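Asks: Sequence plus predicted model, see below.
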Amino acid sequence: MRIRMWLLLVIVLCGCIIRADDAAVPLAADTVLAGLETQFAALQSVSSEFVQEKHLALFRDPIVLKGSMAIRKDGAFAWHVREPLRYSFLMQEGRLRQWDGETDKIQEIAVRSNPVFQTIFTQLRRWFSGRFSELRANYGVAIAGTNPLALRFTPQDATRKVIAGIVVVLRDDTRYIQRVTIEETSGDRTVITFTNTVLNSTIDASVWLLPPPQNKP
């Protein structure tokens, strides 16, 4: 289940390897995206805790994972799951490293020599750095709400066989993402809520270590 959830996140953030023709974006959404990108461009770093809820159509209760993430403007990206299991992946200096608490082993992939992971690396930075307009080749975009501001991304390529839509909700100050909901065609959905988000602050060096320190939240 852990592997499937991680792969789903990768598929969504990757936007799919196959590019589609540019989707038409209504002027209102286009204007909003441009404004958000201008605001997000000032970000040098982001660190946040998250709660990831996997709602399965066949079950009443969601699967809940808790952890933390960090991203720097140079593209370094960290995703650490700490509850109820421990799992991490880091993208830094052209390398993807994964660590699994069950095996306590680290795997490493050279991103630059692997076209698939190069695409993943690029798209992860686009999503979490707020470079939303660059996603328009693969997604239709619409305003899903205004208080708080919410954007709905609808896949226009092969991803639509798996993903029905992605809703990104901004914080009240629109300075960063508050929640992401990934809706699957199967009826399942994943909700990732970001809390205690810190912008433009020095990220502790231990965030980039694998295995992650045991005493870190």
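Replies: Right, received. Where do you want to start?
Asks: ok, which stretches of the protein are strands?
Replies: With DSSP state E, the ranges of strands along the chain come out as 45-55, 63-72, 77-83, 87-92, 95-100, 105-110, 139-146, 149-155, 163-170, 177-184, 189-199.
Asks: could you redo the ones you listed as TSV and give each row mean neighbour count, distance to Val207 and mean pLDDT?
Replies: Yep, even glycine has a C-beta here, placed from its N, CA and C like the rest. Output for the strands of the chain, formatted as TSV (neighbours: other C-beta atoms under 10 Å; distance: least, C-beta to C-beta, whole Å; pLDDT from 0 to 100):
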stretch	mean neighbour count	distance to Val207	mean pLDDT
strand 45-55	19	7	95
strand 63-72	19	5	94
strand 77-83	20	5	93
strand 87-92	20	9	90
strand 95-100	17	13	90
strand 105-110	13	15	87
strand 139-146	17	29	89
strand 149-155	20	28	91
strand 163-170	20	23	91
strand 177-184	20	18	92
strand 189-199	16	12	95
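Asks: so which of these comes closest to Asp30?
Replies: strand 139-146 (7.8 Å; C-beta to C-beta).
Asks: quick one: Leu135 and Thr154 touch, right?
Replies: No - judged on C-beta atoms under 8 Å, Leu135 makes no contact with Thr154 at a distance of 10.9 Å.
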